[in-house]
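> return atomic coordinates for the entry below.
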Amino acid sequence: QVQLVESGGGSVQPGGSLRLSCAASGFTFSSHAMSWVRQAPGKGLEWVSSISGPGGSIVYADSVKGRFTISRDNAKNTLYLEIDALKPEDRAVYYCSRWDGGLDYWGKGTLVTVSS
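Residues are numbered from 1 along each chain as shown. Just a heads-up that it's a prediction; the model follows:
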């Protein structure tokens, strides 16, 4: 069955960096675009970034452009999100999700907190 497991979250000071990972299994990872979506406390889901199956096409939300970098290693079935210059408003649970005509499978998320 499809499984997506995020890791790498934690507490970071403003201006710091983190690298989130999403280990995928149960499907042909390289055949699917993947996305990162986040949910801040008390707020709705916010799409962050997406990457095509081969990795050649990438898009970002304006709110994270220039600070976040999405990437994937299809040999390792793993999706990444590098977060730099963290801001307090980046505090959220970060989810990875598979695209198949829509975001059809989601991981359980990893929490990123930003505090001084």
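> in this structure, which spans are strands?
For the chain, applying DSSP state E gives strands covering 3-7, 10-12, 18-25, 34-39, 45-51, 58-60, 68-73, 78-83, 92-99, 103-106, 110-114.
> helices and strands around the fourth one, which ones?
Right, the one you point to is strand 34-39. Applying 3 or more C-beta pairs under 8 Å, 6 or more residues apart in numbering; DSSP states H and E, one finds that strand 34-39 makes contact with strand 18-25, strand 45-51, strand 68-73, strand 78-83, strand 92-99, strand 103-106. Every residue, glycine included, has its C-beta placed from N, CA and C.
> can I get the ones you listed in TSV with distance to Trp36, mean neighbour count and mean pLDDT?
Formatted as TSV, the helices and strands packed on strand 34-39 follow (distance: least, C-beta to C-beta, whole Å; neighbours: other C-beta atoms under 10 Å; pLDDT from 0 to 100):
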stretch	distance to Trp36	mean neighbour count	mean pLDDT
strand 18-25	7	19	98
strand 45-51	4	19	97
strand 68-73	6	18	98
strand 78-83	5	22	98
strand 92-99	6	22	97
strand 103-106	11	16	93
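> so which of the ones you listed is nearest Ser116?
strand 18-25 (15.3 Å; C-beta to C-beta).
> same for that closest one, what does it pack against?
Short answer (3+ C-beta pairs under 8 Å, 6+ apart): strand 18-25 packs on strand 3-7, strand 34-39, strand 78-83, strand 92-99, strand 110-114.
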